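generate a structure from the sequence data that follows.
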Amino acid sequence: MIIDTHCHLDDNRYNNDIEEVLQKAKAKGVEKFIIPGADPKTLERAVELCETYDGVYFAVGVHPYDARNYDKAYLEKFVHHPKCVAIGECGLDYYRLPKKDEEIAKEKKLQKEVFVDQILWAKELKKPLIVHIRESSADCLDLLDRYAGDRGGVLHCYNANQSLLQLSEKNFYYGIGGVLTFKNAKKLINVYPDIPQDRLLLETDAPYLTPHPHRGERNEPSYTNLVAQKMSELSGISLEEISQLTTLNAQRLFGF
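Numbers count the residues shown, from 1 in each chain. I've put the predicted structure just below:
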């Protein structure tokens, strides 16, 4: 069995063929799917999918790009749903910051405040975090060190920053997706052997970051097999073992 721990099935690119997408994935051994909470506008769609299909779960949270739309009162309507397994994806993303210094400082401050609030919320609810980190590793590490305790979670689309590996000692896992199959993924390939095997998770980030040889196409959970094959190659263990250990890791983290 394989668990895709991060796939945006609530994206409108799946509106016309979601059943086919899930069937294709299950034919490849993918039995469970987690829809991260990124955009509050699609949260109701995520819940609808979870209530319609077996094996589909969701998280509640706000992506740093949508920090201005963080409405905790609205999110609280969904967080106690029996299929809500995590808080996030939340975090920091400095890739598209404003150009003026004062606007940069204001944006970073907002993202940090919203991130910390979600970290504390996860601790209160005893749910794991799904963490988004882009060009913000030092600040994310600082905030997780200060506020997360041992609550743990997953560093979604792990960015190969070596310093973040210390979080494995605080119950954090590392989401590995299609980037591992890219020809220019040398940094991730080099750091991959240093990730503890009991902290590895499979993900696609579908419909984004489609693995080779399907780059340029819409990503789907069925492509977790391509990521698992690359992990098997780099780990020196069988594809079956990769599937087993990543599934056990996901079950341990998300309480399946």
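
so Leu22 is in contact with Thr52, correct?
No: using Cβ atoms under 8 Å, Leu22 makes no contact with Thr52, being 9.9 Å away. Where C-beta positions appear, they are placed from N, C-alpha and C, glycine not excepted.

more neighbours, these two?
Leu22 (23 against 11; other Cβ atoms under 10 Å).

in what helix or strand does the closest residue to Ile130 other than its chain neighbours lie?
Leaving aside its chain neighbours, Ile130 sits nearest to Gly88 (3.0 Å; criterion: Cβ to Cβ, 6 or more residues apart in numbering). Element membership for Gly88 (DSSP states H and E) is strand 84-93.

for that strand, name the packing helices and strands.
If you count contacts as 3 or more Cβ pairs under 8 Å, 6 or more residues apart in numbering; DSSP states H and E, strand 84-93 packs onto strand 56-60, helix 101-125, strand 129-134, helix 137-147, strand 153-156.

what helices or strands is the helix or strand just after the shortest one leaning on?
Tracing the chain C-terminally past strand 153-156 and defining elements by DSSP H and E, one meets strand 172-176 next. The helices and strands touching strand 172-176, judged by 3+ Cβ pairs under 8 Å, 6+ apart, are strand 153-156, strand 200-202.

any idea how far the closest residue to Ala86 other than its chain neighbours lies from Ile104?
Excluding its sequence neighbours, the residue lying closest to Ala86 (Cβ to Cβ, 6+ apart) is Ala59, at 3.9 Å. Computed as Cβ to Cβ, to the nearest Å, the Ala59 to Ile104 distance reads 28 Å.
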